[in-house]
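Student: let me see the structure of the following:
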Amino acid sequence: MIDNENHISREDKIKKESSELKDDFCCYNCQQNKHILNNLVDVYYQADIDGTIKIISPSGVKMFGVEEAKQLIGQNVRDFYDNPKDRDEFFQDLLKKGNVRKK
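Tutor: Numbering: from 1, shown residues only. As a prediction, this is how the structure comes out:
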C-alpha cells in the first residue's frame with residue numbers, strides 16, 4: 001500500500017522481498033533440474049495419462065536416434081514399445097502401485 005507521500009508500507013516491502021526470494025529460489029531449482037536432466041545417462045521422459053510425451057532427456061533423444069527432443073515430444077510413448085501390450089501392463093502397474101520398478 002502506498003500512502004499520500006508515495007511511501008510503500010513495511011508489509012508491502014516484505015511481501016515484495018518474499019516474492020523476489022521465491023522467484024530466485026524457483027529459478028535456481030529450474031536451473032538445477034535442467035542441469036540434472038541434461039546430464040542423465042539413463043533415459044527420463046514424462047508422458048501424460050494418454051501416453052503423449054511431454055518431456056524427454058537428451059539421453060532419450062540420443063537413444064531414439066533423432067536430432068532434437070521436439071521430434072519426440074507429442075508422440076505417444078506406446079509407439080516406441082516393441083510390444084505395445086508391455087506399455088499397457090506397465091501403465092496398469094503404475095496405476096495400482098503408484099510406481100514401477102524394472103522387472
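Student: when you work out contacts or count neighbours from here on, use the C-alpha atoms and nothing else.
Tutor: Noted.
Student: outline the domain layout of this structure.
Tutor: With domains defined by automatic domain parsing, the chain comprises 1-39, 41-103.
Student: from the contact counts, what lies against the helix or strand containing K62?
Tutor: Element membership of K62 [criterion: DSSP states H and E] is helix 58-64. Using 3 or more Cα pairs under 8 Å, 6 or more residues apart in numbering; DSSP states H and E as the contact test, the elements touching helix 58-64 are helix 10-38.
Student: residues near the closest residue in space to I73 that isn't next to it in sequence, how many?
Tutor: Spatial nearest neighbour of I73, chain neighbours left out: I53 (5.0 Å); criterion: Cα to Cα, 6 or more residues apart in numbering. Neighbourhood size, I53 [other Cα atoms under 10 Å]: 20.
Student: so I53 sits in a strand?
Tutor: Yes - according to DSSP: H, G, I helix; E, B strand; the rest coil, I53 belongs to a strand.
Student: residue contacts, it?
Tutor: Going by Cα atoms under 8 Å, 6 or more residues apart in numbering, I53 touches Y45, Q46, A47, L72, I73, G74, Q75, N76, V77.
Student: next SSE after the helix or strand bottoming out on mean pLDDT in the chain?
Tutor: One helix or strand of the chain scores below all others by mean pLDDT, DSSP states H and E: helix 10-38, with a mean of 69. Next in sequence after helix 10-38, counting helices and strands by DSSP H and E, comes strand 45-47.
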